[in-house]
Structures are given as structure tokens and as C-alpha cells.
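Chemist: Sequence and computational prediction follow.
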Number of protein chains: 2
Amino acid sequence: MKKLINHVDDVLAESLDGFAAAHADIVSMGEGRLFVQRRGLRKGKVALISGGGSGHEPLHAGFVGHGMLDAACPGHVFTSPTPDQMLAAAEAVETGAGVLFIVKNYSGDLMNFQMAADLLDREHATVIVNDDVAVENSTYTSGRRGVAGTLIVEKIVGAAAERGDNLAVLHTLGETVNKATASMGVALTSCTVPAAGGPTFQLGEDEMEMGVGIHGEPGRRRVKLTSADEIAVELTGAILKELAPKRGQEVILLVNGFGGTPSLELYLMVHAARKVLAAAGINVVRHLTGPYVTSLEMAGCSITVTAADSAMLALWDAPVHTAALRWGM
Amino acid sequence: MKKLINHVDDVLAESLDGFAAAHADIVSMGEGRLFVQRRGLRKGKVALISGGGSGHEPLHAGFVGHGMLDAACPGHVFTSPTPDQMLAAAEAVETGAGVLFIVKNYSGDLMNFQMAADLLDREHATVIVNDDVAVENSTYTSGRRGVAGTLIVEKIVGAAAERGDNLAVLHTLGETVNKATASMGVALTSCTVPAAGGPTFQLGEDEMEMGVGIHGEPGRRRVKLTSADEIAVELTGAILKELAPKRGQEVILLVNGFGGTPSLELYLMVHAARKVLAAAGINVVRHLTGPYVTSLEMAGCSITVTAADSAMLALWDAPVHTAALRWGM
């Protein structure tokens, strides 16, 4: 295992400390590193809280700040955070308008966020993100997995929370954005969880995992490596089948790197995905390209499409100031 | 070779087309893809032009836009752009105040930028960036290599150009920032140039290349993989030896990923580098962390430190709107 680390047990703590120091203008670290919270909480704004296993950075701590999350709870690598983390975060950042939890659909995460919600003595609701169209039930889920589309939910709902929308409105909006969003990914290599010390799965020199999950869990099938254009046809095709957008539909296109894929290839995939979308009469009006929802150093990418109306686009465009997404301020 | 590509010959063109489409609000593509230029040129502003081999994205095209570059010339992967590219870019974006070329110190780049400058019928000057303290002469250079510090030069000089500083002032400022900036990197794996089809160099399972260049070229020595803390001591130590900052000096710290290193590890390196700097009494007042000057999918990172005075910090903080760096607007 080749990693820039000291001891396996200290990876998360040391990385979080580096993150908090580097972004001290935006975030502060919660007691005991249970959560990362936004500086400058706004009284009477619904508190948005997310979290999940580490190893997907910048998700979620990189999206804490003005216009997105109020707190993020980092679990160990590829492991759900514990209920006491969400509870501590909620108690730290709730300012009177309630808490909206944004949770990726994995059994462990759901159970732990549910437990925290049950213990929480404040108004709250939960949006479950399940944008991955690759497989129905999977290794760690009942139903579909939540993957890169989570950041689109966090951005759009975050902007609505910032302007003062109430908990019920945000809850509905989150579910609407989730339904309008679909993703699918492909892996060219495995990743290595530090505590495991070896690759999560094995792929032959000429193989790829089509429909891979963000923990390296199996997708639809293992196939021979093919061209970027053919990959884009399969990923984007599966997404369009799910969303069934009308011709002329405006969409946000997120081409997300899994951590080990260079920018050169991600933009090539943007080009490939745009060709598929153009052929279907879909109008890409916003782009986001880069390693945003990663699987440590896994090579590969996912494509996410959100069918957005003008209200959603305005919220997407609204100012945001986080470690990983920043515009308009 | 596992890459998200179609044909090896089309990698650069397809990637550039994806980039230009994704960032059409910021950039447009020059005729024949010779250069990427900023939209909305400003009359009477000195034109900043950089460029170099591809494979280091987002450097340089990702830094074209308000507050940084006016044009970037992409060569083939790890190959200097040609003089006709710089010449075409200069003629497209020069608006009456002259051209400042920002060039990384590699023999091929220097020769080609010099040839373009000789042919250019406009006022011009050149800043050569050579921030890599790992080695003196190297595979592709006389003198030190230009690496991740280039983006710091481009950001600070770009901000000064935006406020209207003239060519002579910008030239001096660029040289000042270059002198105040030092970098060194380490590789844990090689990268694979698409046209070559195999790894640029071989590293054993337990080895790393200390002082590696951004094309995978040799550094100081090949050694056994060690801890993040020991790596930070060596990289940051070499940088401090070069810059010899006084205690209390304010610095910008850039921890740059080479393309295959997850965010989790980069922030852990931030934590490690901060400890070394704190022990030397150095005050880190600005951070930038991420894959900004890459070597395709190489695993590893570089550390860059710029000893910044308050004028340089103000220019660093000035608004920027490019594909890869954006704040204040």
C-alpha cells in the first residue's frame, strides 16, 4: 500500500486537522472531531447536515459553508458516522428553524441518521439521496445507492436554505432534486482502504467495472475496457432511460472523477457525454467537472445528470463559499 | 494502459473541446485549437500568456480568465507548444499594453517561447519560473525546473495585470514572486503518457522518487517509502533552506496533488507540512490544496511555499474567475 500517511489509525484525524487548518475561514472543527461545522451560523436558517464514510472527499466536509451545508459528520473510511456525531452536529448548528439531514442511501448511514433523528429534540426531516441507476439493491443498500448526485442536492437545497426557505419546503425540494438526478459510474482500477492495506477488488489489466459504486462495490458487470465514447453511451444512456427527459430539457452535467483520474480524461468524458446528450436533444446548461465525490484513489468516473427547471438553475447559480465549491463570493 | 480515451491521437483535441464547452462562460478556443483564450478581453491591459505540455491540467488552460491568464497554449502531452501557438495567442489577446509570457523553465519551452517572442511585433517580456529546489540541472532543463509555483506567479501577476499595472512592473513582480517561491515533490507511482502506452518510469512496491519532476523525471534519489511526516520534513526542509525565511514570515502554502492522490492524503500532508513550518516559526496565512499542477495520474504531491509580503497577499486575495481557481466573484 502506497499512501501519504503516518499511522493507519491516524489518517482521518490528521487529514481533518489539515482540512480545518487550511479552511479556517470557512469551517471549524467540532469537539472530538465529531463533525466539521460552518463558521458564522445564521439564526433562524434551517440547518443542513450531511455526512458519511470518509474517502469520498471533498464530499461532505468540503461542502460545508455559505450556501451549502452547516455541518458534515465524517465516518471512518467507507464507514457510516455514528449517531452521536449527527446528534452533536445538530445540537451545535441548529438555530431555531430545524434540521434537514441529507443522507446517501446506504443501510448503515440510514440506520445511524435515523437513530440520531429519533434522539434529536428539534424539528427535523431527512432527504435520502439514491441517484445511482446502475443497480437496484446492492452490497450496502436496499434500493439504489446515493452517489455524486448528492452534491447537487446539497448545493440546490443549500441555496434555498440560505435564502430562508422553511424545513418543509426544503424537504420537498430535496426530494424533487433527487428524483430529477441520475448517475452511473465506471471504475478502471480499485482503491485501497488504508486499514485494509490492499485493493478492495481485483480488476484485470484489460477490465473495467461498469456501474461501480463509490466504495468499489460491484456494478452491473465486469467487461473489457472500451472507448470513452462507448462508456459515455452506456452511462449516459442508462441515465436518460431513467430520467426520460423531453427533447430540449435543460440539464446540469456533472462529470465526477473517482480520485485517480486526470483532468485530461474527465474533460474528454465531458466531450463524450455531451455528444450523447446532444443526440437525445438534451441541452446542457451547467457543467461541473472534477473529483468531487471520490473513492480514494480509484481510477474512473461517474456521470450525473440533473433535469433542472429555472428555479433549480437559479439555486445552482446562487453564491456558494465552501472549500470545494465556490462562486459568486 | 487504462485510460478514459478514444484514440491516442485524439486525446488532447477531445479533452480541449470538453474543457471549452464546460467553461464557455470563461474561455473560447482559438482557431485550430492553438490556444485557449479568455472571453471579454480588456483593452489596454497587459496580456498574460502561458502554456506548456498538456498532462498538467488544470495548468495552464484552467487558469485562463479574469485575474489570471489571457491565453494558454497547450502542447501535446509533456511536450512544449510550438512557437506558432504563442504567436497566434499573442496576436489574438494583445490589446495595446504588450504581452507578458510566463514560462516554466524547460529547454523546449524556453526555446519555443523565445522564438515566438522574436517573431512578435508587439511589446513583450518573459518571466521564467524555476521554483523546483529538488535538483539543479535536470533531464529537460538547464537550471531548476518550473513546477507548481507557476500557478502562484500566474495568480499574483494576473491580479496586478487586472488592476492595470504596466508590462515593466509586471515583469519585475513576476520575477519577485518566482524568487519568493520554492517547491519540491515526491512520487509514489509513475504516470503513463497516452502515446507511450506504458509507465514513464518504474518504481518498486516500496519505493518513492524524492524530488520528482512533473513529467516523472528523476529527482534527488529513489528511496524506501516513508511516513508522511518524514516526507514533509524533507520537502519542506529543502524549501526552507532555499527561501531562508525569517521567523514570523507569512507564507502561502500550496499542497499540490499530482493527479492520483486523494484529497484525504493531501490534507494529511497539509497537516504534516504545517508542523514543519510552525517549528521554524513560519506563519501560514493562505492555503491552496488540491490537484492543480499534475502529472496525469501520478500518485504523490508537491509542497510549494511562497514568502509573501502584504502586497503579494492582497494580489493573491484579489478576485479570480477561471475554471480551476475562483473566488471573490
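Modeler: In hand now; what should we look at?
Chemist: For the stretch 1-150 of chain A, what lies in contact range of chain B?
Modeler: Residues of the stretch 1-150 of chain A lying close to chain B (C-beta under 8 Å from any C-beta of the partner chain) are A:2-6, A:11-12, A:14-19, A:21-23, A:54-55, A:57-58, A:62, A:77. The way it works is simple: take the backbone N, C-alpha and C, and place the C-beta from them, glycine included.
Chemist: Sitting in strands, which of those do you find?
Modeler: Among these, the members found in strands (DSSP state E) are A:54, A:77.
Chemist: So which residues of the stretch 101-250 of chain A form strands?
Modeler: Using DSSP state E, counting those that start in this stretch, the strands of the stretch 101-250 of chain A run over residues A:124-129, A:181-187, A:207-210, A:221-224, A:250-257.
Chemist: Does the fourth one reach chain B?
Modeler: It stands for strand A:221-224. No: using C-beta under 8 Å from any C-beta, strand A:221-224 stays clear of chain B, with a minimum separation of 11.2 Å.
Chemist: What residue in the stretch 101-250 of chain A comes nearest to chain B?
Modeler: A:Leu188 (4.3 Å; C-beta to the nearest C-beta).
Chemist: Next, count neighbours for that residue.
Modeler: When neighbours are counted by other C-beta atoms under 10 Å in any protein chain shown, A:Leu188 registers 23.
Chemist: Looks like it contacts A:Ala299 (just checking).
Modeler: Yes: under the criterion of C-beta atoms under 8 Å, A:Leu188 makes contact with A:Ala299 at 4.2 Å.
Chemist: For the two, list the residues in contact with both.
Modeler: Common contact partners of A:Leu188 and A:Ala299 (C-beta atoms under 8 Å, 6 or more residues apart in numbering or on different chains): A:261, B:2.
Chemist: Return the most buried member of the strands of the stretch 101-250 of chain A.
Modeler: Ranked by mean neighbour count, the strands of the stretch 101-250 of chain A are led by strand A:181-187 with a mean of 29 (mean count of other C-beta atoms under 10 Å in any protein chain shown).
Chemist: could I get that one in PDB with only the CA atoms?
Modeler: The C-alpha coordinates for strand A:181-187 follow below in PDB (Å, rounded to 0.1, in the frame of the first residue of the first chain):
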ATOM      1  CA  THR A 181     -31.000  13.400 -10.800                       C
ATOM      2  CA  ALA A 182     -29.400  10.200 -12.000                       C
ATOM      3  CA  SER A 183     -25.900   8.900 -12.000                       C
ATOM      4  CA  MET A 184     -23.800   6.000 -13.100                       C
ATOM      5  CA  GLY A 185     -20.000   5.300 -12.800                       C
ATOM      6  CA  VAL A 186     -17.200   3.100 -14.100                       C
ATOM      7  CA  ALA A 187     -14.000   2.000 -12.500                       C
END
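Chemist: quick one: average pLDDT of that strand?
Modeler: pLDDT averaged over strand A:181-187 equals 98, rounded to a whole number.
Chemist: Tell me how chain A divides into domains.
Modeler: A:10-179, A:181-327 (automatic domain parsing).
Chemist: List the contacts of A:Ala195.
Modeler: Per C-beta under 8 Å, 6+ apart, neighbours of A:Ala195: A:8, A:76-77.
Chemist: wait, I meant A:Glu250
Modeler: Each residue near A:Glu250 by C-beta under 8 Å, 6+ apart is listed here: A:283, A:285, A:307-310, A:313.
Chemist: The same query, at a cut-off of 7 Å, please.
Modeler: Contacts for A:Glu250 (C-beta atoms under 7 Å, 6 or more residues apart in numbering or on different chains) come out as A:283, A:285, A:308, A:313.
Chemist: now, the most widely separated pair of the residues you listed?
Modeler: Using C-beta to C-beta, the contacts of A:Glu250 span at most 11.3 Å, a distance reached by A:Asn283 and A:Leu313.
Chemist: who's more crowded, these two?
Modeler: A:Leu313 (17 against 12).
Chemist: Show me how far the strand or helix carrying that one is from its chain's centre.
Modeler: Assigned by DSSP states H and E, A:Leu313 belongs to helix A:310-317. In terms of C-alpha atoms, centre = their mean, to the nearest Å, the centre of helix A:310-317 is found 18 Å from the chain centre.
Chemist: can you list contacts of that helix?
Modeler: Outside helix A:310-317, the residues that touch it by C-beta under 7 Å, 6+ apart are A:155-156, A:159-160, A:177, A:250, A:252, A:285-286, A:308.
Chemist: Can you redo those residues as TSV, where the extra columns are pLDDT and distance to B:Asp70?
Modeler: As requested, the contacts of helix A:310-317 are exported to TSV (pLDDT from 0 to 100; distance: C-beta to C-beta, whole Å):
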residue	pLDDT	distance to B:Asp70
A:Lys155	98	30
A:Ile156	99	33
A:Ala159	98	32
A:Ala160	98	37
A:Val177	98	37
A:Glu250	98	31
A:Ile252	98	29
A:Val285	98	26
A:Arg286	98	25
A:Ala308	98	32
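Chemist: which of these are buried?
Modeler: For the contacts of helix A:310-317, a neighbour count by 16 or more other C-beta atoms under 10 Å in any protein chain shown gives the buried set as A:155-156, A:159-160, A:177, A:250, A:252, A:286, A:308.
Chemist: Can you lay out these as TSV showing distance to A:Glu242?
Modeler: Putting those into TSV (distance: C-beta to C-beta, whole Å) gives the following:
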residue	distance to A:Glu242
A:Lys155	21
A:Ile156	19
A:Ala159	25
A:Ala160	24
A:Val177	15
A:Glu250	17
A:Ile252	15
A:Arg286	19
A:Ala308	15
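Chemist: Going by distance to A:Gln85, which of those wins?
Modeler: A:Lys155 (22.5 Å).
Chemist: show me the contacts for that closest one.
Modeler: Counted by C-beta under 7 Å, 6+ apart, A:Lys155 has contacts A:68, A:316, A:320, A:325.
Chemist: The second one: neighbour count?
Modeler: Neighbour count of A:Trp316, defined by other C-beta under 10 Å: 20.
Chemist: Check the last one too.
Modeler: Residues contacting A:Leu325 under the criterion other C-beta under 10 Å number 21.
Chemist: what sits against it?
Modeler: Each residue near A:Leu325 by C-beta under 7 Å, 6+ apart is listed here: A:63, A:68, A:155.
Chemist: Counting only helices, which of the residues you listed make the cut?
Modeler: A:Lys155 (DSSP state H).
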